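Colleague: Fold the following, please.
(6 chains, ligands or ions: 6)
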Amino acid sequence: MDDSAPRLQPETDGRRWPEGGLARVPYWIYTDPGIYRAEQERIFCGRSWAYVALEAEVPKPGDFIRTYVGEKPVVVVRDLEGGINVLLNRCAHRGVEFCQNAPGNAREFMCPYHQWTYDLRGNLLAVPFRRGVRRQGGMPEDFQLEEHGLTRFKVARRHGAIFASLAEEMPSFEDYLGPTMLKYFDRVFDGRSLTVLGYMRQRIEANWKLMFENIKDPYHASLLHVFLVSFGLFRADQPSAVEMDESGMHSALVSMRGEQQATEGTAEMKSFRADFKLADPRLLDPVREFPGNATVVMQTIWPNLIVQQQSNTLAMRQLVTRGPTKFDLMWTFFGYENDPPEMRQRRIRQANLMGPSGFVSVDDGEIMEFSQHGIEAFPRDQGVVEMGGRDVRNENHMVTEAAIRGFYRHYRAVMGL
Amino acid sequence: MDDSAPRLQPETDGRRWPEGGLARVPYWIYTDPGIYRAEQERIFCGRSWAYVALEAEVPKPGDFIRTYVGEKPVVVVRDLEGGINVLLNRCAHRGVEFCQNAPGNAREFMCPYHQWTYDLRGNLLAVPFRRGVRRQGGMPEDFQLEEHGLTRFKVARRHGAIFASLAEEMPSFEDYLGPTMLKYFDRVFDGRSLTVLGYMRQRIEANWKLMFENIKDPYHASLLHVFLVSFGLFRADQPSAVEMDESGMHSALVSMRGEQQATEGTAEMKSFRADFKLADPRLLDPVREFPGNATVVMQTIWPNLIVQQQSNTLAMRQLVTRGPTKFDLMWTFFGYENDPPEMRQRRIRQANLMGPSGFVSVDDGEIMEFSQHGIEAFPRDQGVVEMGGRDVRNENHMVTEAAIRGFYRHYRAVMGL
Amino acid sequence: MDDSAPRLQPETDGRRWPEGGLARVPYWIYTDPGIYRAEQERIFCGRSWAYVALEAEVPKPGDFIRTYVGEKPVVVVRDLEGGINVLLNRCAHRGVEFCQNAPGNAREFMCPYHQWTYDLRGNLLAVPFRRGVRRQGGMPEDFQLEEHGLTRFKVARRHGAIFASLAEEMPSFEDYLGPTMLKYFDRVFDGRSLTVLGYMRQRIEANWKLMFENIKDPYHASLLHVFLVSFGLFRADQPSAVEMDESGMHSALVSMRGEQQATEGTAEMKSFRADFKLADPRLLDPVREFPGNATVVMQTIWPNLIVQQQSNTLAMRQLVTRGPTKFDLMWTFFGYENDPPEMRQRRIRQANLMGPSGFVSVDDGEIMEFSQHGIEAFPRDQGVVEMGGRDVRNENHMVTEAAIRGFYRHYRAVMGL
Amino acid sequence: MPIDPALRDDIDALYADYAEALDENQLERWPDLFVEECLYKVVPRENWERNLPIALMLCESRRMLQDRVTAVRKTAVYAPRSFRHLIGQFRIQAETPERLRVTANYVVLQTLVDDLTRIQNAGKYVDLIVRTPEGLRFKEKICVFDSVLVPNSLIYPI
Amino acid sequence: MPIDPALRDDIDALYADYAEALDENQLERWPDLFVEECLYKVVPRENWERNLPIALMLCESRRMLQDRVTAVRKTAVYAPRSFRHLIGQFRIQAETPERLRVTANYVVLQTLVDDLTRIQNAGKYVDLIVRTPEGLRFKEKICVFDSVLVPNSLIYPI
Amino acid sequence: MPIDPALRDDIDALYADYAEALDENQLERWPDLFVEECLYKVVPRENWERNLPIALMLCESRRMLQDRVTAVRKTAVYAPRSFRHLIGQFRIQAETPERLRVTANYVVLQTLVDDLTRIQNAGKYVDLIVRTPEGLRFKEKICVFDSVLVPNSLIYPI
Ligand code: FES
Ligand code: FES
Ligand code: FES
Ligand SMILES: [Fe+3]
Ligand SMILES: [Fe+3]
Ligand SMILES: [Fe+3]
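Modeller: Ligands and ions are numbered 1, 2, ... in the order given. Now for the predicted structure:
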């Protein structure tokens, strides 16, 4: 990008993060348009590896899909050499979002407006009438195709997942995650080939950060999610852990499944219903499939991904921002190519827990909008994030908001707040 | 609220109220987002008694309803001692609008997200896992429940109506109204117990102040409202008055019903239709029920209430702001508990005049949107408010915009414009 | 307008037009609200003749229609002397958009709110109760009707088309167009009386300037519009021209119809389909009706008009802005009063090419939204406008973006960018 | 309970006729679809379910329906608009030879000048339909609309 | 006028078939629901009521319907979308043994990629339906849509 | 294929009953409109057309329908709302004396507290209806909704 326009500044004009440091979150970060614009530049176009797709979505040369990094439209395409390219879905001529029909398979991309044509790596191949017609018109002599390609992202791939970055310099994806987070990532992405089972997508009228707060908050799961709790899928008194990378930008919530019985923990859970039974128990017959005792691992990867492993349901949850008070949550459910039919069916059935109609996820989608409502009218107020202390530390329990504090510690560093 | 953010300033940057003082109203006050934000803080959260509910809506201990002060969501609840509490509908933890289902009856309020629990006065009673689970996690030692209650409004009650304020210091509701306005208020709210007959609600795409201008403007009633005029329910040539408190923030329009006949006044009313008859006259057989000759009293109470008494139809009209160019008008129709059946039916039938489909009110709802359309494209222009002079004065007639001038005199003082 | 508010400044704060001058267009001009507000003032209310109507739409004294100049609502009315008046559709009292029902015929305009009445030239005729009622109230002694008329535009008429301006001083419409543009204007508007055949209207979620870029861009027509190309209605290798007035604010694209056959030019048109045939050829049997060889002339007239002559379909395309990222395109199809029935039917049939469902126009409506999508997320980037050089010059061919460069050269002068 | 197909068709035709009267600007004949002694109400679901009597429109006779029409035509000030009714499958809840209790979902779309078509009102009809020499007519028509909030004005009947 | 229930069912089926052709991406068979010599128009209510002849789509024969299909499939550039028709109760306005004048309200919902379902167009069908050996077919279908403003493009027929 | 009018009326009544159960807060009786061994799915058109098996709701028996009801009533946290179904003309695609393959367009409107009525979901039903002693029941009901994006949560069945 050129510099005809000054770098956008967040409209923090005179704003200070409230006293109380990591234990407080000011409500203006959820609504301020200037903050949002700065996030687009510093976070989503900054030093981050944004999730864009699974390789299984573009298996063959020429396969492509449309998606977004932050609010920016991009195309993910496998080139003829099998390489993965992530390109801005914006023609270099006069800005047209050239790719409208997806998924698909192409040998090249042609913008419909003036048919500028690009190869699958974004290089400009041809400009119609570049030399004019009958020696009239055409592009200037010094017009160089090389200077007018599509904006191309750096790409990182690991075990079937694809990430992209616009930053000049980026560490490898592995260094970006760090050893602890990489261990959890590789737990699900262990090199087996993946198969896409389907999509869900919801538009949530809330700031995108509330989604990360929600997933980084194990405290809520054992209280809000009556369904989870009642069936012991997730409980505060289960063996569990909250882990982060050093920066705190990524995190993993880990839990082991317990029994459906009252315990010390449940005493404090008003929502626990020991009596609750399923009429058709097939919905809940998870089988252990990963090494270790963890039955649930929810991993968040800065800046736009949640990797969901709840029992046997696996999904990438990608955040697409739609302005300061709106985002789309895009769910890509997947399994392993060699899943036996019963396991495949189990994943499909357990998807009932997730997405816009999920026995569990519904609660989160609704709560985020309740939060946005409660927050919007109060830019000068702030949230309290003190559960489990006021610092950032990995824990062997669920009764903490440490990962939220870790998230905002990193957020403030990146945003200069 | 803390001061991590500077007090919002209205975006009056370099703006001056136009020449002409009280007789002119600049159009930028109806659209400017900065003005709107400042209004929320200085008017609705400032030194004002905002109407929130009738006691009849929360008759029993534990009864609660949801409503709004300005754009802020609140809960009105009767506690177990019979006291009325007005609480921000926003959890002290991380901002969730915790009360979603209303009306209802509760012993306490529990936020669904982490089940923080509050008593009916907004005191934080319990925080699940405050001491952690198995000696792990939990809130810091120095975490004080007392410091994390719900924001609680000051409350004023008079003869069945409930008002709330966030200001540190407030005069009594009686002093706030002043003797003249209190007299009109007590005319309808005379101590008899009230009964709610039902609700209407409309979303109007106009700035909220246009609603007050409309009601403080008796001049329009005898011209715009053909229905009123034709049936002599309200006419410029009827004995009438416009009265205000000293500040001009409140006002009352008073009129006595005339006959349906041409008079001096009607000569100038192009809309008068002497021929107009009702096929079913039951719609208009009002009976005198209040002392004095007034058949209509429309009282506006700063900052968000209109008390409607038109013939035998009684309603509170509460303004809920929804941004600079939108507001909801919430109508609560009521009568007296001891109304005889015919009177009750009369009130119900006369409601045909009011609300989104009201023979009279339709005109106002539409006109406000016509005004907003006419105004929006012209921030640098201004309205002319000269009928009845250029000053603020009580009058014994209808041919004046004095109450609008009074309203803006007070508005400018509060807003620093 | 008074000066109680400072003149709005475009939010160019610190922004510079990018390097590359006329060959670059920064993307922030398509989304910035401050730029939009400045455009309203400097372009639509500035030194320009905005198209508002055809005389054929208001043939008789008292006939009126509603329309817009930029975003400002106006009424176009023929007065009793046969003169044309263009009035702001905004009451001088308190801003009501008084004219709601149109088209219509009136002797005067009465605002519904307080029945202020204006003659067809916008003069305030009467204010009800101006002298009060029973010697009470009324307007101040010094209130002058003369000072409170409707805002009235300057009006220019030529051969049946009506234009309006709010500028203090304006050149004649003829001088405004200049000799070259006037020649093209008079080609269609040759003095024959016109007849309106009907309307189309579409709301396009894109900045209004993209519409002008589209029409001033002959380069796209022979590539995007497969339908046009395949039937030889418009092709890059046809004899053609791009002409502008001296300032570059107006332009005309001229083309002669070719045969449906492959030629040098079509080689570069991937979209050309030699095989393409119509099942019912009646859609395309244009007959020559204008002097000269041109079969298509698309003329753009600053700031809000496109005059369309494509084969035998004639239309005024008027732009109505609806904010920075939205505009309405209003199509008025017309013919000549003395058209023989077959010609009339031909115009009606060829309208299939135009409007929201037009075989040709659909492409443009969609492309503009693709552009807006591609542009919005990238305020700091810019478009490349180099086809046919980097300067502004009339051309005898279609392979140029010169008219876009001309448009922005003038735009920048007017906007001070 | 099995319904005579011809009866279903007659009810079908009554609803189609009703919608046409309101959508095609034939308001004057709208009262004719009711019997003289009738009840017409437009009620928010919130009031309906809580037995609160207030209605946006309440007509206790065909003459009051006519007064509604007169007000819309002669006295009310409003921006021009058009309505468009879509009425779902109806249910015959109870039936005597002379009286049918019929319910049906509806949505009314509104189009204002210079604006797109938007949802104005949706809910269910709770109707009492009777046979008359002129054919089926409404003895009661109660329009219970979802929630309570209305986009500004509800000018025409539902 | 009493209608043979079987006829009502046939008309019902014709409309259901028509909606399916447009909503389920079976555009190619859409012309088959018309007779060879037919008239199809999509016209704004404003033009219709003022007798202005301009239509957004005007097809004067089944072959022109086919040209519409070809354009949508082969030449037009547009963002992918799907339509969804809801058609209300129909009225048979006039009937000869061979020709039926039928009107019905409709709303067409549009869903664009990455967006929610929105109202694209609403109005009424003014149809002339004739009996043919293949069953009922449209001789005329005039879609009069409310107001005149359209959200950008109207790609598919209504 | 000619359909017995009485059969059409029964199907009509089944859909009306189905809509009422969901719109009038009678969720508990919704499973009763299915046979014990049944299939209920809410599927995005994108998954459906690409044969991707994931559904927003998947119930493989009437008992699973009951579990859905229990979750909505007892465990799920959500803002109060109401649904309103409009179902279009249905098509009987194939028929044996015992099994009917029926499709119909639908739109579901949602009204949240303090908000206007909005479109929640639109698409088509692909149903398998069977005769039982209690009358017609759903053996399969697949709700294929247009596109894939949903406005936040889909709480109730479609
Ligand atoms: S904008 Fe893409 S080729 Fe011109
Ligand atoms: S937000 Fe209310 S308890 Fe956490
Ligand atoms: S606003 Fe027009 S007369 Fe008062
Ligand atoms: Fe959760
Ligand atoms: Fe009024
Ligand atoms: Fe074009």
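Colleague: Spell out which parts of chain D neighbour chain C.
Modeller: D:V77, D:A79, D:P80, D:V113, D:D114, D:L116 (C-beta under 8 Å from any C-beta of the partner chain). C-beta here means a position set from N, CA and C on the backbone, and glycine is covered the same way.
Colleague: Reformat the residues you listed as a markdown table; add neighbour count.
Modeller: Conversion of the residues of chain D next to chain C to a markdown table gives the following (neighbours: other C-beta atoms under 10 Å in any protein chain shown):
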| residue | neighbour count |
| --- | --- |
| D:V77 | 20 |
| D:A79 | 19 |
| D:P80 | 12 |
| D:V113 | 16 |
| D:D114 | 20 |
| D:L116 | 17 |
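Colleague: what's the closest of those residues to A:V52?
Modeller: D:L116 (34.2 Å; C-beta to C-beta).
Colleague: quick revisit: show me the residues of chain D next to chain C that map onto strands.
Modeller: Using DSSP state E, no member of the residues of chain D next to chain C falls within strands.
Colleague: Apart from its chain neighbours, what residue comes closest to the residue in chain D positioned nearest to chain A?
Modeller: Of all residues in chain D, D:L149 sits closest to chain A, at 15.7 Å by C-beta to the nearest C-beta. Distance criterion C-beta to C-beta, 6 or more residues apart in numbering or on different chains; nearest residue to D:L149, sequence neighbours excluded, is B:R201 at 4.7 Å.
Colleague: Burial check on the one you found, number of neighbours?
Modeller: 20 (other C-beta atoms under 10 Å in any protein chain shown).
Colleague: just checking, next helix/strand downstream of the biggest helix by length in chain D?
Modeller: Counting residues, the longest helix found in chain D (DSSP state H) is helix D:5-23. Moving toward the C-terminus from helix D:5-23, the next helix or strand (DSSP states H and E) is strand D:34-44.
Colleague: Other residues contacting that next one?
Modeller: With contact meaning C-beta atoms under 8 Å, 6 or more residues apart in numbering or on different chains, strand D:34-44 is reached by B:198-201, B:357, D:54-62, D:64-65, D:130, D:132, D:137-145, D:147-148, D:154, D:157-158.
Colleague: Could you check it and say which residues are buried?
Modeller: Neighbour counts over strand D:34-44 (16 or more other C-beta atoms under 10 Å in any protein chain shown) mark D:F34, D:V35, D:C38, D:L39, D:Y40, D:K41, D:V42, D:V43, D:P44 as buried.
Colleague: coming back round to it: only the buried subset of the contacts of strand D:34-44, as a PyMOL command please.
Modeller: The buried residues among the contacts of strand D:34-44 can be selected in PyMOL (16+ other C-beta under 10 Å) with this line:
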select buried, (chain B and resi 198+199+200+201+357) or (chain D and resi 54+55+56+57+58+59+60+61+62+64+65+130+137+138+139+140+141+142+143+144+145+147+148+154+157+158)
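Colleague: Which of the contacts of strand D:34-44 fall in strands?
Modeller: B:198-201, D:57-59, D:130, D:132, D:137-145.
Colleague: from what I can see A:E376 touches A:E205, true?
Modeller: No - with contact defined as C-beta atoms under 8 Å, A:E376 does not count as touching A:E205 (10.0 Å).
Colleague: List the single closest residue to A:C91 in space, sequence neighbours excluded.
Modeller: A:C91 sits nearest to A:C111 (C-beta to C-beta, 6+ apart), 4.1 Å away.
Colleague: Now A:F212: phi and psi?
Modeller: phi -70, psi -40 (degrees, to the nearest 10).
Colleague: What is the neighbour count of it?
Modeller: 24.
Colleague: repeat for A:Y336
Modeller: Neighbours of A:Y336 (other C-beta under 10 Å): 18.
Colleague: cool, the one 5 residues further on as well?
Modeller: Number of residues near A:P341 (other C-beta under 10 Å) recorded here: 7.
Colleague: do you know how far it is from A:R347?
Modeller: 11 Å (C-beta to C-beta, to the nearest Å).
Colleague: Now do stretch A:282-298: distance to the chain's middle.
Modeller: 22 Å (C-alpha atoms, centre = their mean, to the nearest Å).
Colleague: same thing with stretch A:215-225?
Modeller: 18 Å.
Colleague: does any part of it sit near chain F?
Modeller: Yes - under the criterion of C-beta under 8 Å from any C-beta, chain F is reached by stretch A:215-225 at A:L224, A:H225.
Colleague: touching chain B at all, that stretch?
Modeller: Yes - legend: contact between stretch A:215-225 and chain B by C-beta under 8 Å from any C-beta is shown at A:Y219, A:H220, A:L223, A:L224.
Colleague: One more: stretch D:70-79?
Modeller: Yes - using C-beta under 8 Å from any C-beta, we find that stretch D:70-79 touches chain B at D:T70, D:A71, D:K74, D:T75, D:A76, D:V77, D:Y78, D:A79.
Colleague: Distance to ligand 2 and pLDDT for the residues you listed - can I get that in CSV?
Modeller: Below are the residues of stretch D:70-79 next to chain B laid out as CSV (distance: C-beta to the nearest ligand atom, whole Å; pLDDT from 0 to 100):
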residue, distance to ligand 2, pLDDT
D:T70, 54, 95
D:A71, 49, 95
D:K74, 55, 93
D:T75, 51, 93
D:A76, 47, 96
D:V77, 47, 97
D:Y78, 44, 98
D:A79, 43, 98
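Colleague: I'd like to know which of those residues are buried.
Modeller: D:T70, D:A71, D:T75, D:A76, D:V77, D:Y78, D:A79.
Colleague: Among these, which are located in helices?
Modeller: Reading helices off those with DSSP H, I get D:T70.
Colleague: Look up the closest residue to residue 57, ignoring the ones flanking it.
Modeller: All of this is about chain A. A:I65 (5.4 Å).
Colleague: that's the wrong chain, I wanted chain D
Modeller: Of all residues not flanking D:M57 in the chain, D:V42 sits nearest, at 4.3 Å (C-beta to C-beta, 6+ apart).
Colleague: I'd like to know how far the one you found sits from F:T111.
Modeller: 15 Å.
Colleague: So stretch D:95-115, near chain B or not?
Modeller: No - Stretch D:95-115 does not reach chain B (C-beta under 8 Å from any C-beta); its nearest approach is 9.3 Å.
Colleague: Buried residues of that stretch, list them for me.
Modeller: D:100-114.
Colleague: contacts for stretch A:401-415?
Modeller: A:10, A:17, A:22-23, A:25, A:35, A:38-39, A:42-43, A:46-47, A:209, A:212-213, A:216-219, A:242, A:244, A:247-249, A:251, A:253, A:300, A:302, A:385-395, A:417.
Colleague: Among those, name the ones in helices.
Modeller: Among those, the members found in helices (DSSP H) are A:I35, A:A38, A:E39, A:K209, A:F212, A:E213, A:P218, A:Y219.
Colleague: State the number of residues packed around the first one.
Modeller: Look at A:I35: counted by other C-beta under 10 Å, it has 20 neighbours.
Colleague: Extract the residue ranges of the chain that are flagged as low pLDDT.
Modeller: All of this refers to chain A. A:1-14, A:258-267, A:269-274 (pLDDT under 70).
Colleague: wrong chain, I was asking about chain D
Modeller: In chain D (pLDDT under 70), the answer is D:1-2.
Colleague: what residue of it is the furthest out?
Modeller: For chain D, the largest distance from the centre (C-alpha atoms, centre = their mean) belongs to D:D114, which lies 26.5 Å off.
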